[in-house]
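A.B. asks: sequence unavailable; structure follows:
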């Protein structure tokens, strides 16, 4: 009964796999894997993928394909986001993925925000929320509500052209940071996100909660809990306060990457971009006037899996998007 659904999301920093045996659209307890592949390395400066970055992603996806075959998935969906939207040579990666038997789709920032919201909203049915995903190359924000029997109702959707890798490459570096460097990065984020929060307030329905997904917030939570081994069950639902984000930036401001890498809960590959991600999260909370956010382990992958299940089951789709599916 049900369907075995596999989803791969290829982002600017990480490449993620989700595999779930689904019996209902929002009923999934997935097996997940994440590999930091840094596809977006140098894209902000050059506008193109580095050959080594493409190779890292293809190597990772080749391993994922073996996992998917063992899982015996009924359908596989592959999405690519910010870095693939920006790179002039994204076809190099797309052709390599096709050679693996996959059907990759580069999705728009708006669709990315919708899928992210759909994935998270299953845990907050009939609650007016705003969901944020501060990724490597872009940050998606979506406010609205998932109503039983009525589907998704969005107020505002936006994809901001700022992420932890992009802001790090523009403003930050290894070693102690000057306050002016942090302030310049924060100002850049603020200029992009303030119009969104203004639009949210003007619509007259203030979200009850801010929920956040992505590697920055999950890493900050893992570091706060000093997790030697990552535990998604502990991270899901963690309440990250504005004070905790401020404290992290204050503590690490004068550090080199090697010092930050010694903290329990952080992957070595994420060390260079974690301060940039924290600046983005802090500004989102500051400009949205939220003293805390709630971390969700459900994200774009959960939204993709929901739409794929609906497609396989012949249901009315939650979003006006037809996923490209393959079977390995």
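C.D. replies: Yes, it's here. Everything quoted here is computed from the prediction, not taken from an experiment.

A.B. asks: so which residues of the stretch 201-328 of the chain form strands?
C.D. replies: In the stretch 201-328 of the chain, the strands defined using DSSP state E, counting those that start in this stretch lie at 209-213, 239-241, 292-295, 325-326.

A.B. asks: most tightly packed of those strands?
C.D. replies: strand 209-213 (a mean of 23; mean count of other C-beta atoms under 10 Å). Every residue, glycine included, has its C-beta placed from N, CA and C.

A.B. asks: remind me what that one packs against, helices and strands.
C.D. replies: helix 109-121, strand 129-134, helix 271-288, strand 292-295 (3 or more C-beta pairs under 8 Å, 6 or more residues apart in numbering; DSSP states H and E).

A.B. asks: go with 10 Å
C.D. replies: Contact here means 3 or more C-beta pairs under 10 Å, 6 or more residues apart in numbering; DSSP states H and E; on that basis strand 209-213 packs against helix 109-121, strand 129-134, strand 139-147, helix 215-224, strand 239-241, helix 271-288, strand 292-295, helix 300-312.

A.B. asks: quick one: which of those is nearest residue 52?
C.D. replies: helix 271-288 (15.9 Å; C-beta to C-beta).

A.B. asks: give me the low-pLDDT residue ranges for the stretch 51-200 of the chain?
C.D. replies: 149 (pLDDT under 70).

A.B. asks: what ranges do the strands span in it?
C.D. replies: Assigned by DSSP E, counting those that start in this stretch, the stretch 51-200 of the chain shows strands spanning 75-80, 104-106, 129-134, 139-147, 151-160.

A.B. asks: closest to residue 261 out of those strands?
C.D. replies: Using C-beta to C-beta, these put strand 129-134 closest to residue 261, at 20.6 Å.

A.B. asks: strand partners (parallel or antiparallel) of the closest one?
C.D. replies: strand 139-147 (antiparallel), strand 209-213 (parallel) (DSSP bridges).

A.B. asks: okay, those strands in a markdown table with distance to residue 320 next?
C.D. replies: Compiled in a markdown table, the strands paired with strand 129-134 are given as follows (distance: least, C-beta to C-beta, whole Å):
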| stretch | distance to residue 320 |
| --- | --- |
| strand 139-147 | 15 |
| strand 209-213 | 22 |
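
A.B. asks: so which of the helices and strands packed on strand 209-213 is nearest residue 40?
C.D. replies: Here helix 271-288 is closest among the helices and strands packed on strand 209-213 (C-beta to C-beta), at 9.7 Å.

A.B. asks: sorry, back to before: nearest to residue 96, of the strands paired with strand 129-134?
C.D. replies: It's strand 139-147; of the strands paired with strand 129-134, that one is closest to residue 96 (C-beta to C-beta) at 25.7 Å.
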